[in-house]
Each structure stands twice: as C-alpha cells, then as structure tokens.
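> return atomic coordinates for the entry below.
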Amino acid sequence: MDQAANPSAAIEWRVSPGLTDYTAALAEMEARAAAIAAGETAELIWLVEHPPVYTAGTSADPAELIDPRFPVVSARRGGRYTYHGPGQRVGYLMLDLTRRGRDVRHFVHSVEGWVIDALAELGIESFRAPGRIGIWTIDRAGHEAKIGAIGVRVRRWVTFHGFSVNLSPNLADFGGIVPCGIAEYPVTSAEMLGAPHNLATFDAALALTRDRFLERLSCARENET
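Below is the predicted model of the structure:
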C-alpha cells in the first residue's frame with residue numbers, strides 16, 4: 001500500500017483488551033522505542049486502559065501528591081502527577097521523529113489536535129488552552145475543565161508515552177493528586193458532559209482521524225528540507 005496515500009500503513013495499531021499493568025506497559029514502551037530507534041521494528045500506536053495508578057513525571061512536586069490511595073509510579077516522562085484508571089483511554093505513541101520531523105513542540109501540538117479531532121467525531125467540542133498542556137472543554141456548569149492529558153518523552157528521536165482521555169472514569173480518583181499541577185481547573189469526562197461513549201467508540205474516532213494527525217506531523221519534516 002502506498003504510504004503517501006495512507007500515512008498509517010507502516011504503523012502497528014494495537015488495542016489491548018482489559019486492564020494493562022502500568023509498570024509492564026512502561027517497560028514494553030521503552031523496549032519498543034529502543035527497537036524502533038535501532039531500525040529493528042515498526043512504529044506503534046498502542047491503546048490501553050490501566051487499573052488505578054498515579055504516575056509521576058520528571059517535574060512532579062511531592063506536595064501535589066495529596067492522598068496516595070493508589071500505587072505511585074515514576075513514569076520517566078515530562079510533566080507532573082497524573083491519574084490513570086478504568087474508563088480512561090490511554091494512547092501510547094512510539095513514533096520516529098527522524099522520519100516525521102524533529103520538532104517535539106510540533107509533535108505535542110499535533111497530538112493535541114488529534115485528540116480534539118477525535119472528540120469532535122463524538123460530538124464533544126474541545127480545545128487547546130494557552131499556557132496549559134492538554135485538552136480542554138467547557139463543562140456543564142460553564143467552566144473550563146480538562147478532559148485529556150498529554151505527556152511525552154523522546155529518546156533518540158523516538159517518542160513514547162502519549163495521551164489520556166477521560167471517557168467514564170471515577171473522577172473522584174483524581175482527588176489524590178493535583179492533576180498535572182493545575183489546581184484551579186477541574187477535570188471532567190465525556191460521561192459528565194452528557195455524551196457517554198465507550199472505549200470502542202472513541203477508538204473508532206481515533207482511527208478515523210489518525211491519518212490527519214500523521215499528515216500534520218509530516219509538515220515538520222517538510223519544513224526541515
């Protein structure tokens with residue numbers, strides 16, 4: 001298949017059923033990213049759901065871990081504390097920026113755009129907020145609220161980690177941390193917005209908008225030449 005006509009043709013698309021242990025996922029991500037950098041395997045987009053866990057990025061402030069009611073794992077990604085749990089779709093992106101443009105800021109911007117596009121397919125309007133990484137929306141009370149988080153790491157120009165989107169998690173579970181270090185804004189979910197969708201529905205929306213995301217990434221590569 002012509003990769004120019006289908007940008008995702010050479011990328012493995014994997015959806016893991018059930019709950020995937022976070023520590024095991026982290027080890028697999030790091031191994032896969034190293035193999036991609038060595039030219040030994042294909043790039044990977046991996047969709048998972050985790051049991052409840054708090055993950056600490058490289059900028060995590062211990063004061064923002066309010067109640068460690070779940071395991072706390074060092075994620076070795078950028079950012080601060082975040083929560084993963086049932087009802088949340090997590091997407092791990094192991095992509096080679098040497099092929100797609102060595103611009104980490106553009107990569108993060110493109111990931112945000114992909115999630116925004118996928119949520120729009122489900123009838124959920126979301127947006128970027130200046131100075132705040134992640135995906136934002138307006139909740140039913142009319143307030144800005146976070147529906148998705150972005151956290152990435154790049155090693156040898158291969159990305160890993162990625163995004164998380166709240167479909168129907170227990171939002172009270174975020175109460176053990178200051179999510180992403182932002183205390184003044186709440187978190188929300190598709191369910192709380194009155195637009196409940198399951199993982200399979202959101203996965204279909206991600207698949208539908210995936211090539212648009214990859215085409216955006218290619219713009220960074222074109223700007224290098």
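> CA atoms for contacts and neighbours, from now on please.
OK.
> where does this protein have low pLDDT?
By pLDDT under 70, the weakly predicted segments of the chain are 1-5, 220-225.
> make it 90
1-9, 57-60, 76-80, 100-101, 130-134, 178-185, 195-197, 216-225 (pLDDT under 90).
> can you give me the helices for it?
22-37, 97-100, 104-121, 199-224 (DSSP state H).
> and the longest strand along the chain, how far out from the chain's middle?
If you go by DSSP state E, the chain has its longest strand at strand 144-155. Put simply, strand 144-155 sits 6 Å off its chain's centre (C-alpha atoms, centre = their mean, to the nearest Å).
> separation between the spatially closest residue to residue 144 that is not a sequence neighbour and residue 111?
With C-alpha to C-alpha, 6 or more residues apart in numbering as the criterion, residue 144 has its nearest non-adjacent residue at 4.6 Å, and that residue is residue 138. For residue 138, the distance to residue 111 equals 20 Å [C-alpha to C-alpha, to the nearest Å].
> neighbour-wise, which of those two wins?
residue 111 (24 against 17; other C-alpha atoms under 10 Å).
> list the contacts of the closest residue to residue 213 other than its chain neighbours.
Computed as C-alpha to C-alpha, 6+ apart, the closest residue to residue 213 that is not its neighbour in sequence is residue 114, at 5.4 Å. Taking C-alpha atoms under 8 Å, 6 or more residues apart in numbering, we find residue 114 in contact with 206, 209-210, 212-213.
> what's the burial count for the residue lying closest to residue 154 once chain neighbours are set aside?
Spatial nearest neighbour of residue 154, excluding adjacent residues (C-alpha to C-alpha, 6+ apart): residue 160 at 6.4 Å. The number of residues packed near residue 160 is 24, by other C-alpha under 10 Å.
> equivalent analysis for residue 143, please.
Count around residue 143 with other C-alpha under 10 Å applied: 11.
> swap in residue 103?
Residue 103 has 16 nearby residues by other C-alpha under 10 Å.
> surely it touches residue 97?
Yes. Residue 103 is within contact range of residue 97, at 7.4 Å (criterion: C-alpha atoms under 8 Å).
> show me the residue sitting in the middle of this protein in space.
Nearest to the geometric centre of the chain sits residue 163, at 0.5 Å (C-alpha atoms, centre = their mean).
> for that residue, give its distance to residue 116.
Distance from residue 163 to residue 116, by C-alpha to C-alpha: 11 Å.
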